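In: Turn this into a model:
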Amino acid sequence: MIKIGEHIILKDFPLILAPMEDVSDPPFRKVCKQHGADLMYTEFISSEGLIRDAAQSKKKLDIFEYERPIGIQLFGSDIDTMAECARIATAVNPDLIDINYGCPVKAVACKGAGAALLKDIPLMVKMTEAVVKATHLPVTAKTRLGWDDTSKNIEEVAERLQDIGIKALTIHGRTRVQMYKGQADWSLIGKIKENPRITIPIFGNGDIDSPTKALEYKNRYGVDGIMIGRAAIGYPWIFNEIKHFFKNHQLLPPPSLSERARVCLEHFEFALQWKGEKQGLLEMRKHYGNYFKSIPFFKETKQKLCTTDSPQAVRDILLQLQIKDLVL
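Out: Just a heads-up that it's a prediction; the model follows:
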């Protein structure tokens, strides 16, 4: 078993849903939970937005009992603000608080938040310590190898963050400069796991898009679990597919068109329930291409799904797809 703090106990080698902006909302998390995600995180929440009581930031604090264990991820550049946000997040009773030290996007990093903290380790340590002191919940962190190839300081980061109280660390195998390009390098992640000073769980992240790669990286790098991000978008089946492969060394067949349509419809209904009919309808449009990726001749159907303003029309299209029996 894997423990995060005293009370969060996960199955051996947990599969974790990554926090992804504009993706990891409650409707998306629900379908991922149904298909095998062991631990999930919210979208990252701006500390400044939360302090201002911004509606968008507060909405991201919504969590539900069926999601547990669930972590709320925060990002920011000011120590006092981050500590106060940890107290606000603690009040909604998640299972843990996570600090985002990995987001590479310009709008975040240029404000001194996310991956920008990799350029100022003392500030990162002070901020983490303040968050740890502000909550009784376990605090975890997600980060990258470093800012660029000349400053891969993740080994120092891992030791120092552990020393001031984090209970688990997720490492994305790229630098900030790489963004999401090139191949993720897990060699430093494996080196940190081998470090005898490191006693907290180390989770690897980056490029895991198949059961075979998940098993290969599990065995090669010795991590305690894997965090999956982009590969789960429109494909929540990946969690159970990986678990099945670990157990049986057999690949499950890919979901049929009917199964894809069934789960997409569930996701759609969850989105309407949580976001309201108008917003849920609009925001689901970004998911259809991923749910039906590689389906031949789907372009026309996707256009209908993305242009209709009628929830019932979306339901009718997805229900019609369910009666087909196409296996990819």
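In: what sits up against stretch 267-281?
Out: Applying CB atoms under 8 Å, 6 or more residues apart in numbering, the external contacts of stretch 267-281 come out as 25-28, 30-31, 62, 283-284, 287, 291, 309, 311, 314-315, 318. Any C-beta I mention is one placed from the backbone N, CA and C, and that applies to glycine too.
In: chain center to the helix or strand of the chain with the lowest mean pLDDT: distance?
Out: Of all helical and strand segments in the chain, the minimum by mean pLDDT, DSSP states H and E falls on helix 55-59, at a mean of 79. Relative to the chain's own centre, helix 55-59 is displaced by 18 Å; criterion: CA atoms, centre = their mean, to the nearest Å.
In: Repeat that for stretch 292-301.
Out: Its chain's C-alpha centre and that of stretch 292-301 lie 26 Å apart, by CA atoms, centre = their mean.
In: next structured bit after the least confident helix or strand of the chain?
Out: Note on helix 55-59: by DSSP states H and E, the next helix or strand toward the C-terminus is strand 70-75.
In: Phi and psi next, for Leu96.
Out: Dihedral angles of Leu96 (phi, psi; degrees, to the nearest 10) stand at phi -160, psi 170.
In: how much space between it and Leu321?
Out: 38 Å (CB to CB, to the nearest Å).
In: The residue lying closest to Phe28 once chain neighbours are set aside: which element?
Out: Nearest residue to Phe28 in three dimensions, chain neighbours excluded: His267, at 6.8 Å (CB to CB, 6 or more residues apart in numbering). Using DSSP H and E, His267 sits in helix 257-275.
In: Looking at the contacts of stretch 267-281, which are in helices?
Out: Taking DSSP state H as the definition of helices, these contribute 26-28, 30-31, 283, 287, 291, 311, 314-315, 318.
In: Generate a ChimeraX selection restricted to the buried entries among those residues.
Out: Here is the ChimeraX command that picks out the buried ones among the ones in helices among the contacts of stretch 267-281, judged by 16 or more other CB atoms under 10 Å:
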select :26,27,28,30,31,283,287,291,311,314,318
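In: which residues touch the closest residue to Ala18 other than its chain neighbours?
Out: Nearest residue to Ala18, sequence neighbours excluded (CB to CB, 6+ apart): Gly229, at 3.5 Å. Contact partners of Gly229, counting by CB under 8 Å, 6+ apart, are 17-18, 20, 205.
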